[in-house]
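Student: can't give you the sequence, but here's the structure:
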């Protein structure tokens, strides 16, 4: 989002943020709780979900973003790095602990994306060098 704000202005950044919210609404179930933590970070609480659901929702997010980025009239491209953690009642953890695990996985995905291809696409205006 910072790149969009810096290069295209805050109005365009606001549109990107609203479009991100649309992606999340299209991806998650009505029973899931999705919230913005701040900036361009969001969190989703998936009730009665396991590790396999994290992959399903991550793939849904990527598909939705890919469809939106394919539209020719775009001034920027959306991307998402996703991390997840599963609450296990046999090994209870705090919300803070779960968020820390998910955050670590998200940053690992971002690091891998910088060092090699992943599903997610870079944020920013379309360019040949696909910078982030």
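Tutor: Structure received. This structure is a prediction, so every number in the text was calculated from the model and none was measured. Numbering: from 1, shown residues only.
Student: Quick check: closest non-adjacent residue to residue 16.
Tutor: Nearest residue to residue 16 in three dimensions, chain neighbours excluded: residue 4, at 5.0 Å (C-beta to C-beta, 6 or more residues apart in numbering). All C-beta atoms are positioned from the backbone trio N, CA, C, and that covers glycine.
Student: And for that neighbour, the neighbour number?
Tutor: Counted with other C-beta atoms under 10 Å, the neighbours of residue 4 add up to 23.
Student: Shouldn't it be within a helix?
Tutor: Yes - when DSSP: H, G, I helix; E, B strand; the rest coil is applied, residue 4 is found to be in a helix.
Student: Surely it touches residue 78?
Tutor: No - counting by C-beta atoms under 8 Å, residue 4 stays clear of residue 78, with 9.3 Å between them.
Student: where exactly do the strands run in the protein?
Tutor: 33-38, 41-45 (DSSP state E).
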